[in-house]
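> I'll drop the sequence and a predicted model, then ask my questions.
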Amino acid sequence: MTLILCVWVLLPIYLLIVNSLSTPEEVIAFPKRFFPSFNVASLEFFAGFSGIVKALQSSIIVATITMVLSILIGAPAGYALSRFEFRGKTTFRVLILMTRAFPLPLLALPLAIMFIRTGLDDTMFGLALVHTMLALPFSVLITFSLFSGIPIELEEAAWTLGCNRVQAFTKVVFPLILPGITASAVFAFVISWNEVFAASVLTIENRTLTAFLLQSLDVSPMHLKFAGGFVLVMPALIFIFAVRKYLFSMWGIANR
Amino acid sequence: MENKALPYLLLLPTAVFLCLFFLYPFSLVAWQAFVGDNGFTLEHFRSMTDHWKFSISFWNTMLLAVAVVPIQLILSIVMASMVNAMRKGRDIVLYIWTIPLGISDLAAGIIWLAIFEQSGFLNSMLQSIGVADKPQNFLTYDNLWTIFLAIALAEIWRATAIMFVILVAGMGLIPKEYNEAAEVFGASRWQRLWRITLPLLRPSLQTALILRVILAFEVFAVVAALGGTSFPVLMGETYNYQFALQDGHVAAALALVILAVSIAFTLVIIRVLRVPKEAQI
């Protein structure tokens, strides 16, 4: 049973890889072979297709901005939630959790108008702001659970030894949570990398890879789609592997 | 003094960001959906419902959610309890089963396209075992049911992982003693799941279901990759109005419909799976 479910997850990905590593002729041939010919013609065609390189660049830039913003904005909130008792704390947490009960990609519609007014329309930064909104609830909750895992006594010990609050944070707490913060950042990157709807609505010139692929679905040949899917999936596989330890702890805390 | 203000200062960036990019835009959507050239109007909703595609896309979205989510719920519960009982190889199984979590809906659509397209792997397999002598075209408009099946399979494949992760995390929070005690008193595996694990898992089930149902109403890129225009859904129509037809008002009206359905289902799930205060662990 375990094995069947593993095959169920892995087989479709394997088939995509077979298609991506076959020549364009093999992709449309019938019947199809179930083993790749390890030919990079499809991927080469993809890389040479006009606009792809730029779309890839946009995807990476947008995802990087999202990653940085969501940590810079979210981590202080996570720290505050784990370290202080203050009025409105519960309300704030509920509000953060509530954002997940909304179809967030729809935000792209009103923001499209807002961005035209502020000159952010069709910019990578504007799209990154929307993606940050998608990633922010997660980064607040993950950092909250990370900081909660570090005893406050450690910080207090640093204070008694003559550190001020900022020093205690940078010298004691920060090194301890760095791997967790990295995981949370990677997660934000993946959210942005994979997002389709907002990217397609908000960008025209600076299309991300997902937006590019979506908008050319009707016109692009099969091998281009498969190569595109391949390029979308591969980083995700590595990223999930990198953050696998934190996936579960973050949902554990989010459920309480 | 410093200590009192500090937590609020730390929360400030998130709070400002939420106001600017969450509360304000959602009020903007409502405004856009209800306001026309001469003030308040229901005209946008009328032109939305008058369009022949509206009720089709509405029911397609619902049908897909109703078909997919229960299967995913059962599957994720089964997978989570399997992982929980596992001793050897737990880490590798956890990793493999969470892979789809990192795969975008567009990529998932493309992956299942590789299987269902005319010269795809399903046709190749059917031919090699001699069931069909020529390739079937599964994804054309006169084969709506196979399009539906392909989309449903792709959704189940892609989005069960998110529920699985939440449930595994939730099961980790249940004290082991409860299950052990039940075992001592002779409860079968099935009884333990039904009487102990599932009731204690309610908060996680709630989170998982809410998240999944909302994602189900947002279904978009999978459908675009597999069904194209033959299988309209709400989010796809929203995209069409916004992008192809350049009518932001009707797009906003559609967005409100998706939002309303999402909120309604969220409330129902919260109500059905509510956890009494005294029963919390």
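Perfect, I can see it now. Numbering: from 1, shown residues only, chains lettered A, B, ... in the order given.

> ok now do B:W59, which residues does it touch?
The contact partners of B:W59, by CB atoms under 8 Å, 6 or more residues apart in numbering or on different chains, come to none. (Each C-beta comes from the backbone N, C-alpha and C, glycine too.)

> Following element in sequence after the helix or strand containing it, please.
Using DSSP states H and E, B:W59 falls within helix B:52-85. Later in the chain than helix B:52-85, the nearest helix or strand by DSSP H and E is helix B:90-98.

> Briefly note if that following helix comes near chain A.
Yes - Helix B:90-98 comes into contact with chain A (CB under 8 Å from any CB of the partner chain), by way of B:91, B:93-98.

> most neighbours, which of those?
B:W97 (25 neighbours; other CB atoms under 10 Å in any protein chain shown).

> Rebuild the residues of helix B:90-98 next to chain A as JSON lines, extending it with pLDDT.
JSON lines is the format used below for the residues of helix B:90-98 next to chain A (pLDDT from 0 to 100):
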{"residue": "B:D91", "pLDDT": "85"}
{"residue": "B:V93", "pLDDT": "90"}
{"residue": "B:L94", "pLDDT": "88"}
{"residue": "B:Y95", "pLDDT": "88"}
{"residue": "B:I96", "pLDDT": "90"}
{"residue": "B:W97", "pLDDT": "91"}
{"residue": "B:T98", "pLDDT": "89"}
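
> is it possible to export those to TSV including distance to A:L106?
Formatted as TSV, the residues of helix B:90-98 next to chain A follow (distance: CB to CB, whole Å):
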residue	distance to A:L106
B:D91	37
B:V93	35
B:L94	32
B:Y95	32
B:I96	32
B:W97	30
B:T98	27
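
> Tell me the one of those residues nearest A:L209?
B:T98 (22.6 Å; CB to CB).

> for that closest one, what are its contacts?
Contacts of B:T98 (CB under 8 Å, 6+ apart): A:240, A:244, A:247, B:161, B:164-165.

> Over to A:E195?
Contacts of A:E195 by CB under 8 Å, 6+ apart are A:105, A:131, A:134, A:208, A:210, B:104.

> isn't the second one right next to A:A198, touching?
Yes - A:H131 is within contact range of A:A198, at 7.0 Å (criterion: CB atoms under 8 Å).

> Who has more neighbours out of these two?
Taking neighbours as other CB under 10 Å, A:H131 and A:A198 compare with A:H131 leading, 30 against 27.

> Report pLDDT for the more buried one.
On pLDDT, A:H131 comes in at 92.

> Surely it is within a helix?
Yes - assessed with DSSP: H, G, I helix; E, B strand; the rest coil, A:H131 lies in a helix.

> May I see the buried residues of the helix or strand of chain A with the lowest mean pLDDT?
Across the helices and strands of chain A, mean pLDDT, DSSP states H and E gives its lowest value to helix A:24-28, namely a mean of 76. Buried residues in helix A:24-28, counted by 16 or more other CB atoms under 10 Å in any protein chain shown: A:24, A:26-27.

> May I see the contacts of B:T98 organised as CSV, with distance to A:L202 and neighbour count added?
Shown next, in CSV, are the contacts of B:T98 (distance: CB to CB, whole Å; neighbours: other CB atoms under 10 Å in any protein chain shown):
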residue, distance to A:L202, neighbour count
A:I240, 26, 22
A:R244, 31, 18
A:L247, 28, 24
B:A161, 27, 23
B:F164, 31, 25
B:V165, 29, 24
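
> Could you dump these into TSV and include distance to B:D133 and secondary structure?
Listed next are those as TSV, based on distance: CB to CB, whole Å; DSSP: H, G, I helix; E, B strand; the rest coil:
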residue	distance to B:D133	secondary structure
A:I240	41	helix
A:R244	45	helix
A:L247	46	helix
B:A161	37	helix
B:F164	40	helix
B:V165	43	helix
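
> Kindly report the residues of the stretch 151-256 of chain A close to chain B.
A:190, A:193-197, A:200-201, A:210, A:213-214, A:217-218, A:222, A:225-226, A:228-229, A:232-233, A:236-237, A:239-241, A:244, A:247-252, A:254-256.

> Kindly recompute the last result at 6 Å.
Contact residues (CB under 6 Å from any CB of the partner chain) of the stretch 151-256 of chain A with chain B: A:190, A:194, A:196-197, A:201, A:210, A:214, A:225-226, A:229, A:232-233, A:236, A:239-240, A:244, A:247-248, A:251-252, A:255.

> A:F144 - nearest residue in space that isn't next to it in sequence?
Excluding its sequence neighbours, the residue lying closest to A:F144 (CB to CB, 6 or more residues apart in numbering or on different chains) is A:G78, at 4.0 Å.

> That neighbour and A:T143 touch, don't they?
Yes - A:G78 is in contact with A:T143 according to CB atoms under 6 Å; the separation is 2.9 Å.

> mind listing what B:Q72 touches?
B:156, B:160, B:163 (CB atoms under 6 Å, 6 or more residues apart in numbering or on different chains).

> what about 7 Å?
Taking CB atoms under 7 Å, 6 or more residues apart in numbering or on different chains, we find B:Q72 in contact with B:156, B:159-160, B:163, B:212.

> possible to save these as JSON lines with distance to chain A and neighbour count?
JSON lines is the format used below for the contacts of B:Q72 (distance: CB to the nearest CB, whole Å; neighbours: other CB atoms under 10 Å in any protein chain shown):
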{"residue": "B:I156", "distance to chain A": "9", "neighbour count": "17"}
{"residue": "B:A159", "distance to chain A": "12", "neighbour count": "25"}
{"residue": "B:T160", "distance to chain A": "9", "neighbour count": "26"}
{"residue": "B:M163", "distance to chain A": "10", "neighbour count": "25"}
{"residue": "B:R212", "distance to chain A": "11", "neighbour count": "22"}
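
> Nearest to B:L205, out of these: which one, please.
Within the contacts of B:Q72, distances to B:L205 taken as CB to CB reach their minimum at B:M163, with 8.8 Å.

> so is that closest one in a helix, a strand, or just coil?
When classified by three-state DSSP, B:M163 comes out as helix.

> residue ranges for the strands of chain A, please.
Counting by DSSP state E, chain A forms no strands at all.

> What number of residues are in the vicinity of B:S119?
Counted with other CB under 10 Å, B:S119 comes out at 16.

> my guess is it contacts A:E26, does it?
No - using CB atoms under 7 Å as the test, B:S119 is too far from A:E26 to be in contact (9.8 Å).

> Distance check, B:A252 against A:P12.
Distance, B:A252 to A:P12, using CB to CB, to the nearest Å: 36 Å.

> now B:L193
From B:L193 to A:P12 the distance is 29 Å (CB to CB).

> hmm, back to that, just send the contacts of B:Q72 back as a markdown table, with secondary structure too.
Output for those, formatted as a markdown table (three-state DSSP):
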| residue | secondary structure |
| --- | --- |
| B:I156 | helix |
| B:A159 | helix |
| B:T160 | helix |
| B:M163 | helix |
| B:R212 | helix |
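
> of those residues, closest to B:A30?
Relative to B:A30, the closest of the contacts of B:Q72 is B:R212; by CB to CB it sits at 25.5 Å.
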